[in-house]
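>>> got a predicted structure here, sequence first:
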Amino acid sequence: MKTPVERRRRVVVTGMGVETPIGNDPTVFYNNLLEGISGVSLIENFDCSQFPTRIAAEIKSVSTEGFVEPKLAKRTDKFMLYMLLAGKKALADGGVTGDAMDELNKARCGILIGSAMGGLKLFEEGSDVFRSSPYRKLSPYSVPLLTTNMGSAMLARDLGWMGPNYSISTACATSNFCILTAANHILRGEADMMLCGGSDAAVVPFGVGGFVACRALSQRNNDPTKASRPWDTDRDGFVLGEGAGVLILEELQHAKRRGATIYAEFLGGSFTCDAYHMTDPHPEGTGIIECIEKALAESGVSKEEVNYVNAHGTSTPVGDLKEFQAVAHCFGKNPELKMNSTKSMVGHLVGAAGAVEAVATVQAIQTGWIHPNINLENPDNGVDIKLLVGRKKERMDIKVALSNSFGFGGQNSSILFAPYLHN
């Protein structure tokens with residue numbers, strides 16, 4: 001690993017915020033992961049009785065009080081609502097409120113929070129209105145509040161942050177792309193602090209129906225909590241989820257000057273593209289392998305230093321095996337290495353997945369515990385069970401953690417975190 005002297009600027013995590021099916025606070029969320037609590041249940045958001053998939057990881061209730069103004073909360077899509085909530089909770093967690101907020105150089109504070117799907121519910125509602133009365137009854141907010149960049153823009157409006165502000169949309173790899181790109185703004189000296197992550201709320205008829213049409217979703221409707229089962233022989237597709245995750249990334253000296261709590265250090269990462277298929281991974285795992293190896297090389301981390309992988313692990317028949325094989329190829333028979341999938345409990349949060357899993361990764365570093373793969377009952381013949389976390393949490397002193405996210409279009413992303421060393 002590169003020494004601090006070799007890295008002129010260092011990036012650390014100083015705040016976290018989440019909205020998930022199993023908790024809207026990082027500590028509650030991670031404790032529920034450690035206890036193996038699933039957020040998957042029958043869909044309540046709409047009538048899906050005619051759908052072959054009738055389960056999802058929904059957020060059943062959400063409180064906006066003190067975070068989002070009532071008018072905006074009423075008219076906006078849930079993807080933006082979750083983004084605003086997670087972003088402001090990350091700021092509160094990081095101590096960036098009141099006088100601390102006022103003391104920031106807001107021209108050097110930016111926001112990069114993406115979404116894969118954007119405002120699907122608003123799009124559905126607008127389409128219904130448009131069909132009945134072309135444009136005359138459409139809300140003037142129809143377009144602004146469903147575009148993926150608007151969550152970052154609305155946060156900037158509320159905070160007065162004038163630094164880099166945009167969104168990235170790379171399907172299920174969105175969050176990792178945002179996190180690494182945000183870190184690069186800091187490393188290049190363009191910002192001192194960045195809010196970054198992802199948000200999605202695709203548990204709506206069009207979202208569920210679209211993924212059903214792709215034959216991507218589990219149909220284990222009679223046993224929802226058992227439906228998401230990465231690397232298990234009986235997996236039959238992923239479970240759609242919703243939520244948001246946001247991190248505060250901050251330049252180390254800036255964090256020290258304001259007395260911030262430092263949760264972990266962000267070491268770097270990489271992106272690649274399979275350039276192969278619209279939805280399927282490359283059969284040789286070429287893009288994933290190159291992504292992991294580039295992430296290690298560009299971060300100055302040796303493969304022996306990585307002892308924890310928070311996997312993409314969606315619970316699809318092909319995807320799980322390709323990722324496992326790629327990880328095994330990159331790290332060999334490292335007896336210390338362990339891998340798990342947060343999606344076994346929260347489902348697949350699409351563009352929010354990587355950020356929520358990044359929070360889980362940082363919490364694993366903080367607590368010294370890694371969460372279980374709750375439904376790994378009959379491991380696939382193509383995996384080595386010794387590499388996978390079982391159905392109970394495990395104690396681990398994490399040296400370096402790798403978090404993977406892959407998306408439709410062959411988008412691959414790998415990012416690295418480590419305990420912050422006080423030097």
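Okay, I see it. Quick caveat, the model's predicted, so the values are computed rather than measured. Numbering: from 1, shown residues only.
>>> which SSE is immediately downstream of the lowest-mean-pLDDT helix or strand in the chain?
Within the chain, no helix or strand scores below helix 120-132, which has a mean of 68 by mean pLDDT, DSSP states H and E. Toward the C-terminus, helix 120-132 is succeeded by helix 150-159 as the next helix or strand (DSSP states H and E).
>>> who touches that following helix?
Outside helix 150-159, the residues that touch it by CB atoms under 8 Å, 6 or more residues apart in numbering are 72, 79-80, 83-84, 87-88, 91, 101, 106, 109, 111-113, 115, 144, 161-162, 165-167, 195, 199. For the C-beta atoms, the positions are set from N, CA and C on the backbone; glycine is no exception.
>>> among these, which ones are in helices?
Among those, the members found in helices (DSSP state H) are 72, 79-80, 83-84, 87-88, 91, 101.
>>> which of those count as buried?
Neighbour counting by 16 or more other CB atoms under 10 Å classes 72, 79-80, 83-84, 87-88, 91 among those as buried.
>>> of those, which pair is most distant in space?
Comparing all pairs in these by CB to CB, the longest separation belongs to F79 and L91, at 19.1 Å.
>>> quick one: the helices in the protein, in order.
Per DSSP H, the chain has helices spanning 26-34, 70-75, 78-93, 98-102, 120-132, 150-159, 174-187, 205-213, 252-257, 286-299, 317-331, 343-346, 353-367. These are given in chain order.
>>> quick check: angle from the last one to helix 78-93?
Read that as helix 353-367. 20 degrees (axes from the mean of the first three to the mean of the last three CA atoms, to 10 degrees).
>>> model confidence over helix 353-367, on average?
When pLDDT is averaged along helix 353-367, the result is 98.
>>> tell me how many other residues surround L217.
Around L217 sit 28 other residues, with neighbours defined as other CB atoms under 10 Å.
>>> which intervals of this structure have sub-threshold pLDDT?
Using pLDDT under 70 as the threshold, the predicted model of the chain has low-confidence ranges 1-7, 124, 126-131, 133-137, 423.
>>> could you rerun that using 80?
Across the chain, the stretches falling below the confidence threshold (pLDDT under 80) are 1-8, 120-146, 422-423.
>>> residues contacting N378?
Each residue near N378 by CB under 8 Å, 6+ apart is listed here: 232-234.
>>> nearest to K256 among the residues you listed?
Nearest to K256 among the contacts of N378, counting by CB to CB, is D232 at 44.7 Å.
>>> just checking, that closest one touches N375?
Yes - using CB atoms under 8 Å, D232 makes contact with N375 at a distance of 5.8 Å.
>>> of the two, who's got more company?
For D232 versus N375, neighbours defined as other CB under 10 Å are more numerous around N375 (26 against 20).
>>> how near is that one to P230?
Distance, N375 to P230, using CB to CB, to the nearest Å: 8 Å.
>>> what touches both of those two?
Taking CB under 8 Å, 6+ apart as the criterion, N375 and P230 both touch S344.
>>> re the thing from before, now tabulate the ones in helices among the contacts of helix 150-159 in a markdown table and tack on distance to V11.
Putting the ones in helices among the contacts of helix 150-159 into a markdown table (distance: CB to CB, whole Å) gives the following:
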| residue | distance to V11 |
| --- | --- |
| L72 | 31 |
| F79 | 26 |
| M80 | 26 |
| M83 | 21 |
| L84 | 24 |
| G87 | 18 |
| K88 | 21 |
| L91 | 17 |
| M101 | 20 |
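>>> out of these, what pair is the most spread apart?
Using CB to CB, the pair of these lying farthest apart is F79 and M101, separated by 24.9 Å.
>>> can you show me the CA trace of stretch 311-319 as CSV?
In CSV, the C-alpha atoms belonging to stretch 311-319 read as follows (Å, rounded to 0.1, in the frame of the first residue of the first chain):
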residue,chain,number,x,y,z
ALA,A,311,-19.6,-8.4,-3.4
HIS,A,312,-22.1,-7.2,-6.0
GLY,A,313,-23.7,-10.7,-5.4
THR,A,314,-27.1,-10.1,-6.8
SER,A,315,-28.5,-13.7,-6.6
THR,A,316,-28.6,-14.3,-10.3
PRO,A,317,-27.5,-17.7,-11.7
VAL,A,318,-24.8,-16.4,-14.0
GLY,A,319,-23.7,-13.1,-12.3
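>>> returning to what we had before: save the contacts of N378 as JSON lines, and put in distance to N176 too.
Written out in JSON lines, the entries for the contacts of N378 read as follows (distance: CB to CB, whole Å):
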{"residue": "D232", "distance to N176": "25"}
{"residue": "T233", "distance to N176": "28"}
{"residue": "D234", "distance to N176": "29"}
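>>> ok, for T225, nearest residue in space, not its chain neighbours?
Nearest residue to T225, sequence neighbours excluded (CB to CB, 6 or more residues apart in numbering): S38, at 3.9 Å.
>>> which residues does Y308 contact?
For Y308, the contact set (CB under 8 Å, 6+ apart) comprises 337-339, 361, 364, 370, 396, 398, 400-402.
>>> repeat the analysis, applying 6 Å as the threshold.
Taking CB atoms under 6 Å, 6 or more residues apart in numbering as the contact definition, Y308 lies against 338, 398, 401.
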